[in-house]
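Asker: This is a predicted model, with the sequence first.
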Amino acid sequence: GQNIDQPTEMTATEGAIVQINCTYQTSGFNGLFWYQQHAGEAPTFLSYNVLDGLEEKGRFSSFLSRSKGYSYLLLKELQMKDSASYLCAVRGFQKLVFGTGTRLLVSP
Amino acid sequence: GAGVSQSPSNKVTEKGKDVELRCDPISGHTALYWYRQSLGQGLEFLIYFQGNSAPDKSGLPSDRFSAERTGGSVSTLTIQRTQQEDSAVYLCASSLGSDYGSEQYFGPGTRLTVT
């Protein structure tokens, strides 16, 4: 079976750092994706990890530990526009299985 | 170039009617995916196409749901005898290939409301 867990909601203040965790249990693993989804809009790609370690891309970084079935998305220097849902998704043999998403609210 | 497009953007239909949702992927993308997202829920995989064939239909919730893809491009998702629980946003995504790291590009979705 497939199970992906992430917190339902998080809050943070502008300029701060926030870490969104994702744990997964899947029958196959061929990479983990993070997507950002603003309310009423389609998801957009943020990052892809297939090997253990940290991938950095500007203000966003993503970490993967395959042995622990764990990933996190780190957002630095938070801006108001970062208020959105963040979806963790694990690639099995073909399809992408999504978690229910973490709704991040950034306040001034 | 153009992104993934979907039509209609909104569809309201009466229970029991059939609906067709259309997806135009990015030109040259061989892989196409259909998902649905109910209010406050995550994305639920429905079906995946590689070219015109569908190697994975495991997410289709019932035999009322079907999809096809022609010419390796446009895809239609058909829902027969719609039920209220079919109300959701239906998202289509395409990727350059089906290899594991291929990023999926999503369309804006079709919001289906069954009354």
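Answerer: Looks like it came in fine.
Asker: Please name the strands paired to the helix-or-strand element of chain A with minimal mean pLDDT in the sheet, noting orientation.
Answerer: Taking mean pLDDT, DSSP states H and E as the measure, strand A:96-98 is the helix or strand of chain A with the lowest mean score, a mean of 86. Using DSSP bridges, the strands paired with strand A:96-98 are strand A:84-91 (antiparallel).
Asker: Give me the contact list for the strand it pairs with.
Answerer: A:2, A:4, A:6, A:20, A:22, A:24, A:26, A:29-39, A:43, A:46, A:71, A:73, A:96-99, A:101-104, B:42-43, B:100 (C-beta atoms under 8 Å, 6 or more residues apart in numbering or on different chains). (Glycine included, C-beta is placed from N, CA and C.)
Asker: from these, which would you call buried?
Answerer: Applying 16 or more other C-beta atoms under 10 Å in any protein chain shown to the contacts of strand A:84-91, the neighbour count classes A:4, A:6, A:20, A:22, A:24, A:26, A:29, A:31-37, A:43, A:46, A:71, A:73, A:96-99, A:101-104, B:42-43, B:100 as buried.
Asker: Scan the helices and strands of chain B for the one with the lowest mean pLDDT.
Answerer: The helix or strand of chain B with the poorest confidence is strand B:53-56; it has a mean of 87 (mean pLDDT, DSSP H and E).
Asker: quick one: strands adjacent to the next helix or strand after that one?
Answerer: Using DSSP states H and E, the helix or strand that directly follows strand B:53-56 along the chain is strand B:65-69. Strand B:65-69 pairs in its sheet with strand B:75-79 (antiparallel), by DSSP bridges.
Asker: any idea of the mean pLDDT in the strand it pairs with?
Answerer: The average pLDDT within strand B:75-79 is 98.
Asker: Name the residues of that strand that come out as buried.
Answerer: B:Ser75, B:Leu77, B:Ile79.
Asker: which one of those is nearest B:Ser38?
Answerer: Proximity of the buried residues of strand B:75-79 to B:Ser38 (C-beta to C-beta) peaks at B:Ile79, which lies at 14.1 Å.
Asker: For the closest one, which residues are in contact?
Answerer: With contacts defined as C-beta under 8 Å, 6+ apart, B:Ile79 is in contact with B:Asp18, B:Val19, B:Leu21, B:Arg64, B:Phe65, B:Asp86, B:Leu112.
Asker: Now intersect the residues you listed with the strands, please.
Answerer: Among the contacts of B:Ile79, DSSP state E puts B:Val19, B:Leu21, B:Phe65, B:Leu112 in strands.
Asker: Test of understanding: give the bridge partners of the third one.
Answerer: What that stands for is B:Phe65. Under the criterion used here (DSSP bridges), B:Phe65 is bridged to B:Ile79.
Asker: Counting neighbours, what do you get for it?
Answerer: By other C-beta atoms under 10 Å in any protein chain shown, the residues close to B:Phe65 number 18.
Asker: So it sits against B:Leu77, correct?
Answerer: Yes: with contacts counted by C-beta atoms under 8 Å, B:Phe65 reaches B:Leu77, the gap being 7.2 Å.
Asker: Which neighbours do these two have in common?
Answerer: B:Leu46.
Asker: ok, so of the buried residues of strand B:75-79, who is nearest B:Ala93?
Answerer: Closest approach to B:Ala93 among the buried residues of strand B:75-79 (C-beta to C-beta): B:Ser75, at 10.7 Å.
Asker: Let me see the contact set for the spatially most central residue of chain B.
Answerer: Nearest residue to the geometric centre of chain B (C-alpha atoms, centre = their mean): B:Trp34, 3.2 Å. B:Trp34 makes contacts with B:Cys23, B:Phe45, B:Leu46, B:Ile47, B:Tyr48, B:Gly59, B:Ala67, B:Ser75, B:Leu77, B:Tyr90, B:Leu91, B:Cys92, as judged by C-beta under 8 Å, 6+ apart.
Asker: All set now, cheers.
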